[in-house]
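Peer 1: dropping a prediction and its sequence here:
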Amino acid sequence: MSYDSLWEWNKYSLLKMATIFAIMIILILVFYGDYILYKIPGNLTLTLYSYTIFGMIIVSIFLYLFRKNPLNTEKYGKAFTFLKISLGTLWIIDGILQLQPEMPYVFLPYVIIPMMGSTNGELYNIVLFGVNIWSIHPVIFNAMAAVTQLFIGIGLLIKLNKVGNLFVLFISAAWSLIIWIFGEGFGGILQAGSSFLSGVPGSAFVYFIISIYLMLVVIGLNKKEVIPIFMAVVFLISFILQIIPASQFWSGYTLSRIPYNLIFLYQPRFLSNSFLYFASSFITYDFYWNMFFSIYFAICVIFWLYRPFYGAILTIPITLFSWWVGQDFGIVSGYGTDPNSGLPIFLISVYTLIYTIPSKNYFPLNFLRRKSSAEMQ
């Protein structure tokens with residue numbers, strides 16, 4: 001092994017170790033916060049983890065059957081691997097968070113029901129249907145949710161054959177839609193006062209798009225314009241939500257409510273102070289803040305369609321800002337079940353910068369031009 005190869009190997013190994021270490025520290029802090037806040041009867045916790053262990057035994061059998069073998073080896077490239085591992089890591093984090101001992105009984109009153117308060121009509125009834133099912137046996141359904149997410153995550157991190165990859169990705173896409181509908185209320189798109197800052201379009205829908213894209217790669221359709229067009233649609237929806245009068249973002253109260261609602265959650269004081277600062281700033285300079293966000297989202301739409309390289313660069317700072325100020329990093333509050341939409345969108349942006357756009361002049365709508373030219377001929 002040459003010196004350069006050794007350095008390359010050590011560099012990525014250290015990066016992986018640092019990432020794993022950071023995730024472990026964060027999850028330990030989250031579970032420690034739960035230990036302080038909630039006192040769950042031991043028998044309920046034992047029941048939850050017993051169901052989970054039984055489910056993971058079944059998962060292990062399935063994954064063993066779909067393991068990669070020399071006769072069915074597929075190579076999809078570094079870009080595929082990066083996105084697959086990123087999605088798998090997110091699913092594992094979600095599965096671990098779902099196994100917080102208080103989650104069977106905290107999930108509905110602290111996560112779902114507050115979200116239902118801003119919905120009405122058919123959307124309310126759809127989410128209520130999921131709530132009623134969960135209420136039948138919250139412990140076993142929580143264990144099933146955790147096992148499903150861990151199954152997807154582990155399946156994406158290990159090497160499987162083509163059928164195994166397609167199966168796991170199909171489950172990932174299907175489960176993402178279930179979470180997006182019943183757990184996120186369609187990502188808040190149809191709720192008053194929702195914004196890219198607060199998590200639109202919902203992390204589960206981002207998982208869904210990534211899963212579909214990876215499935216296309218596995219079957220031989222590497223449609224790399226899928227991600228840029230998806231991101232353009234996300235920012236177009238965010239732009240519309242930001243400017244329409246019904247959202248009431250032009251008045252400081254509605255915009256400031258996004259960080260203000262995070263102040264009272266259990267978390268470090270410096271985070272609460274930062275939310276208080278931005279809530280105050282959003283009230284004082286409401287018009288200017290909303291004008292800034294609206295213009296920023298519109299610019300992101302244009303760049304994701306015409307120059308995704310620069311669209312990804314623009315997306316990273318606004319995504320990290322939203323993940324902090326509007327989403328509290330998804331899991332810091334103590335009963336989060338996923339890192340919210342900020343982290344997966346950030347990973348999509350990094351993926352775009354590193355792997356899919358070798359030229360800064362890449363134009364994802366070229367496939368439309370080629371199609372039109374072919375039709376004319």
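Peer 2: Yep, that arrived.
Peer 1: going forward, measure contacts between C-alpha atoms and count neighbours the same way
Peer 2: Will do.
Peer 1: so what's Tyr310 closest to, chain neighbours aside?
Peer 2: Excluding the flanking residues, the one nearest Tyr310 by CA to CA, 6 or more residues apart in numbering is Phe303, at 6.2 Å.
Peer 1: pLDDT on stretch 287-306, on average?
Peer 2: For stretch 287-306, mean pLDDT is 96.
Peer 1: if you count neighbours, what's buried in it?
Peer 2: Buried residues in stretch 287-306, counting neighbours by 16 or more other CA atoms under 10 Å, are found at 289-290, 293-294, 296-306.
Peer 1: please narrow those residues to those residing in strands.
Peer 2: Among the buried residues of stretch 287-306, no member falls in strands (DSSP state E).
Peer 1: read off the pLDDT value for Gly252.
Peer 2: 73.
Peer 1: is it true that it touches Tyr288?
Peer 2: No. Counting by CA atoms under 8 Å, Gly252 does not reach Tyr288; the two are 10.0 Å apart.
Peer 1: sec struct for Ser194, please.
Peer 2: coil (DSSP: H, G, I helix; E, B strand; the rest coil).
Peer 1: I figured it hits Gly188, correct?
Peer 2: Yes. Using CA under 8 Å, Ser194 is in contact with Gly188, at 5.7 Å.
Peer 1: what do the two both touch?
Peer 2: Common neighbours of Ser194 and Gly188, using CA atoms under 8 Å, 6 or more residues apart in numbering, are Val200.
Peer 1: which stretches of the protein have low pLDDT?
Peer 2: The chain contains residues with pLDDT under 70 at 1-13, 16, 26, 29-42, 69-74, 117-120, 333-335, 356-377.
Peer 1: contacting residues for the residue positioned nearest the centre of it?
Peer 2: By CA atoms, centre = their mean, the chain has its centre lying nearest to Ser203, at 3.1 Å. Under the criterion of CA under 8 Å, 6+ apart, the neighbours of Ser203 are Trp180, Gly187, Asp338, Pro339, Asn340, Ser341, Gly342, Pro344.
Peer 1: assign the fourth one to helix, strand or coil.
Peer 2: When the structure is reduced to helix, strand and coil (three-state DSSP), Pro339 reads as coil.
Peer 1: that one reaches Trp324, doesn't it?
Peer 2: No. Pro339 is beyond contact range of Trp324, at 10.7 Å (criterion: CA under 8 Å).
Peer 1: shared neighbours, the two?
Peer 2: In contact with both Pro339 and Trp324: no residue, using CA under 8 Å, 6+ apart.
Peer 1: Ile354 - how many residues pack around it?
Peer 2: 12 (other CA atoms under 10 Å).
Peer 1: also Ile57?
Peer 2: For Ile57, the number of neighbouring residues by other CA under 10 Å comes to 11.
Peer 1: how far off centre is whichever strand or helix holds it?
Peer 2: Ile57 is part of helix 42-65 when elements are defined by DSSP states H and E. Between the centre of helix 42-65 and the centre of its chain there are 24 Å (CA atoms, centre = their mean, to the nearest Å).
Peer 1: give the other helices and strands that it contacts.
Peer 2: Packed against helix 42-65 by the contact rule (3 or more CA pairs under 8 Å, 6 or more residues apart in numbering; DSSP states H and E) you find helix 138-157.
Peer 1: immediately after the helix it packs on, which helix or strand?
Peer 2: helix 162-178.
Peer 1: the inter-axis angle of that following helix versus helix 138-157?
Peer 2: 140 degrees (axes from the mean of the first three to the mean of the last three CA atoms, to 10 degrees).
Peer 1: please enumerate residues in contact with helix 162-178?
Peer 2: Outside helix 162-178, the residues that touch it by CA under 8 Å, 6+ apart are 63, 66-67, 72-74, 152, 155-156, 204-205, 207-209, 211-212, 214-215, 218.
Peer 1: buried stuff in it?
Peer 2: For helix 162-178, by 16+ other CA under 10 Å, it's 162, 164-173, 175-178.
Peer 1: and if you look at stretch 124-133?
Peer 2: Tyr124, Val127, Leu128, Gly130, Val131.
Peer 1: got it, and stretch 46-56?
Peer 2: For stretch 46-56, the neighbour count (16+ other CA under 10 Å) marks Leu48, Tyr49, Tyr51, Thr52, Gly55, Met56 as buried.
Peer 1: just checking, the third one touches Ala143?
Peer 2: The reference is to Tyr51. Yes. Using CA under 8 Å, Tyr51 makes contact with Ala143 at a distance of 6.0 Å.
Peer 1: check contacts around the residue nearest to Val233 when sequence neighbours are not counted.
Peer 2: Nearest non-adjacent residue to Val233, counting by CA to CA, 6+ apart: Val301, 7.2 Å away. Counting by CA under 8 Å, 6+ apart, Val301 touches Met231, Ala232, Val233, Phe235, Leu236, Gly311.
Peer 1: having no further points to raise, I will conclude here.
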